[in-house]
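Visitor: sequence plus predicted model, see below.
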Amino acid sequence: MNDITTNIENLKFDLEKAKNYFFKTLKNLEGTIHIYTHIDADGISSGAILGKALYRANLPFQITVLRQLEREEIIQITENDYNNFLIFSDFGSGQYLELQEKLTNNDHNIHFLILDHHFPQHIANKEDFNSINDVYQKTKPWHLNPYFYGIDGSIEISGAGMSYYFAKCLNENNVDMSPVAIIGAIGDIQNQGPNKSFLGLNSLILEEAKNNGYIEIIDDLNFSSIKPLNEAIAYSSEITLPGLSKDVNKTLKFLQTLGILMEDSEGNIRTLYDLNNDEKQKLSSGIIEFSTVTLDIEPNQIIEKLIVNRYLLKKEISFPKLYDSNEFSNLLNACGRSNNASLGIALAMGDRQNAYEQSQVILKKYKKLLRQSMIWLRENEKIQHKEYIQYFYGEEQIPENIIGTIASMLVFSKDDVIDLTKPIFGIAIREDEDVYKISGRADEQIVKKGINLSEAIREALKLSGLNALGGGHPPAAGTKVPVEKIDIFIDNCNKVIKKQLKRFD
């Protein structure tokens, strides 16, 4: 039996123990089950999977979506949930010591379960095997985390995946929530294998979804499937075509030269979703020819980015804006980030009536806000630089809920407005507190060189004399910082990143 198989078997063994602990504890409780989850697509997917599983088990539950799980939230939870069983999904590992301290004291002794994929508290490196094993031994059966089993939580399984495995342990029929686990993984950008394939446990979840007829995997062009086709090509975040990129009119003319019409017989604007196979072949050949002849790019270089796996949700074929799992994930993220998380939960649990129509209005507004924020950053030259990091303030334009999304867009769009050799930190004021929300992001190339933002943020907090919770993954992490401490925190981030880079020189 190889190591991967052994790791999975160990996880499944502990899932059974967690299930037994869950049901045994429920027998002695009078309250309900309260699920706490994060506001992003992965968190909403996680909460929806658990909610559907509990609904099927005829167990009373409620779901609360939080922007972060911080000390203040944990104190409030302690005061309000003393008679409930709590499940923390897509967060909790980075706060497990506070949860253990506050929830299991003599006054309350609240029972809870953590289903998370982020680094456990005080751990920022997956090679720190001894510390990870120490946390594992001290926190079972109520703490399930992929790092306990040698599984990388940043690329091999998401919070939704961990919730899915627990749901399937409760009832094998919950295999029909496998597409939602994939949607959550896409939300956390975990389809990082060749041609946007999945790795590790995510690939096994995908296989289950495929084998049960829930997902179809096709080779497709790497453009949005629902934007007008010329816009999808012009504003692609991954395929840059000088002469076409960021110019919808030139892209429209390019499509016309290929004989691809932008309107159907009824005058509707066409998207990639509307093209037949012959038209897609014309488009891919045209782009390859344009790239090789006009831009002098090797064909294999453009093909690697141009052709990707697309994951189609077969039961959503009547809902074009949910049919593509990427678009479904974007929709959940829009709901969560615009204070409409309950709508996202309803969608992910299967509501296709009012929730679907309402979500389309929200998505339109959300995309407009993202677009305006990116334009504002560029036109007003808001990116500030230190020697080893760069950062920007959201000011009145970019609210806390989307500061991390904007930071991610800057990195993944490969936009020349930022320097990809440095991590970037987005800083947004919190409306109801005198603090800044910090979201750090780093390009994969500098993560490979030793940048670890989870570790950097925790160390910078310590150097700044701050006791806030913080962490995440090497390429993406966050925390909060008092307004009066922001300058010293940014300076310390710069120092820590410098040290990380020197460590691997």
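Guide: Yep, it's here.

Visitor: what comes up buried for the top helix by length along the chain?
Guide: Longest helix in the chain by number of residues (criterion: DSSP state H): helix 354-379. Neighbour-count burial for helix 354-379, counted by 16 or more other C-beta atoms under 10 Å, picks out 355-356, 358-359, 362-363, 366, 369-370, 373-374, 376-377. Where you see a C-beta, it was placed from the backbone N, CA and C, and this is true even at glycine.

Visitor: which of the three states applies to the closest residue in space to Tyr147 that isn't next to it in sequence?
Guide: Spatially, and ignoring its direct neighbours in sequence, Tyr147 is nearest to Ile132 (5.3 Å; C-beta to C-beta, 6 or more residues apart in numbering). What DSSP: H, G, I helix; E, B strand; the rest coil gives for Ile132 is helix.

Visitor: which other residues reach the helix or strand where Leu204 lies?
Guide: For Leu204, the element it lies in under DSSP states H and E is helix 200-211. For helix 200-211, contacts defined as C-beta atoms under 8 Å, 6 or more residues apart in numbering pick out 4, 8, 146, 151-152, 155-158, 161, 164-165, 175, 178-179, 181-182, 185, 190-191, 193, 197-198, 215-217, 311.

Visitor: in that helix, which residues are buried?
Guide: 200-202, 204-206, 208-210.

Visitor: cool, and stretch 337-344?
Guide: For stretch 337-344, by 16+ other C-beta under 10 Å, it's 337-338, 340-344.

Visitor: ok, how many other residues are close to the closest residue to Tyr391 other than its chain neighbours?
Guide: Nearest residue to Tyr391 in three dimensions, chain neighbours excluded: Phe425, at 4.1 Å (C-beta to C-beta, 6+ apart). The tally of other residues near Phe425 (other C-beta atoms under 10 Å) stands at 31.

Visitor: and Phe425, that one's in a strand?
Guide: Yes: per three-state DSSP, Phe425 lies within a strand segment.

Visitor: the helix or strand that contains Asn326 relative to helix 354-379, how many degrees between them?
Guide: If you go by DSSP H and E, Asn326 is part of helix 325-337. For helix 325-337 against helix 354-379, the angle by axes from the mean of the first three to the mean of the last three C-alpha atoms, to 10 degrees is 80 degrees.

Visitor: output the helix or strand that comes right after helix 325-337 as PDB, nothing but the C-alphas.
Guide: Using DSSP H and E, the helix or strand that follows helix 325-337 in sequence is helix 341-349. Provided in PDB are the C-alpha atoms of helix 341-349 (Å, rounded to 0.1, in the frame of the first residue of the first chain):
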ATOM      1  CA  ALA A 341     -24.300  34.600   1.700                       C
ATOM      2  CA  SER A 342     -27.700  33.000   2.500                       C
ATOM      3  CA  LEU A 343     -28.600  33.300  -1.100                       C
ATOM      4  CA  GLY A 344     -25.400  31.400  -2.100                       C
ATOM      5  CA  ILE A 345     -26.100  28.700   0.500                       C
ATOM      6  CA  ALA A 346     -29.600  28.300  -1.000                       C
ATOM      7  CA  LEU A 347     -28.200  28.000  -4.500                       C
ATOM      8  CA  ALA A 348     -25.500  25.500  -3.500                       C
ATOM      9  CA  MET A 349     -28.100  23.400  -1.600                       C
END
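
Visitor: helices and strands around helix 341-349, which ones?
Guide: helix 41-56, strand 61-66, helix 325-337, helix 354-379 (3 or more C-beta pairs under 8 Å, 6 or more residues apart in numbering; DSSP states H and E).

Visitor: can you give the strand pairings for the next helix or strand after the longest one, parallel or anti for each?
Guide: Going back to what we said before, that points to helix 354-379. Proceeding N to C from helix 354-379, the next assigned helix or strand is strand 384-385, under DSSP H and E. In the sheet, strand 384-385 lines up against strand 390-393 (antiparallel) (DSSP bridges).

Visitor: pLDDT on the helix or strand hosting Val308, on average?
Guide: Take DSSP H and E as the rule and Val308 turns out to sit in strand 307-313. On average, the pLDDT along strand 307-313 is 94.

Visitor: show me what the next helix or strand after it is packed against.
Guide: Sequence order places helix 320-323 as the next helix or strand after strand 307-313, per DSSP H and E. For helix 320-323, the packing partners by 3+ C-beta pairs under 8 Å, 6+ apart come out as strand 307-313, helix 325-337, helix 354-379.

Visitor: out of the ones you listed, which comes closest to Thr78?
Guide: Counting by C-beta to C-beta, Thr78 lies closest to helix 325-337 out of the helices and strands packed on helix 320-323; the figure is 24.4 Å.

Visitor: and that closest one, what does it pack onto?
Guide: helix 41-56, helix 178-187, strand 307-313, helix 320-323, helix 341-349, helix 354-379, helix 400-412.

Visitor: weakest of those in terms of mean pLDDT?
Guide: helix 320-323 (a mean of 87).

Visitor: re the thing from before, in JSON lines, list the buried residues of helix 200-211 along with pLDDT and distance to Thr405.
Guide: Output for the buried residues of helix 200-211, formatted as JSON lines (pLDDT from 0 to 100; distance: C-beta to C-beta, whole Å):
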{"residue": "Gly200", "pLDDT": "94", "distance to Thr405": "25"}
{"residue": "Leu201", "pLDDT": "96", "distance to Thr405": "25"}
{"residue": "Asn202", "pLDDT": "97", "distance to Thr405": "21"}
{"residue": "Leu204", "pLDDT": "96", "distance to Thr405": "28"}
{"residue": "Ile205", "pLDDT": "97", "distance to Thr405": "24"}
{"residue": "Leu206", "pLDDT": "98", "distance to Thr405": "25"}
{"residue": "Glu208", "pLDDT": "97", "distance to Thr405": "29"}
{"residue": "Ala209", "pLDDT": "98", "distance to Thr405": "26"}
{"residue": "Lys210", "pLDDT": "98", "distance to Thr405": "29"}
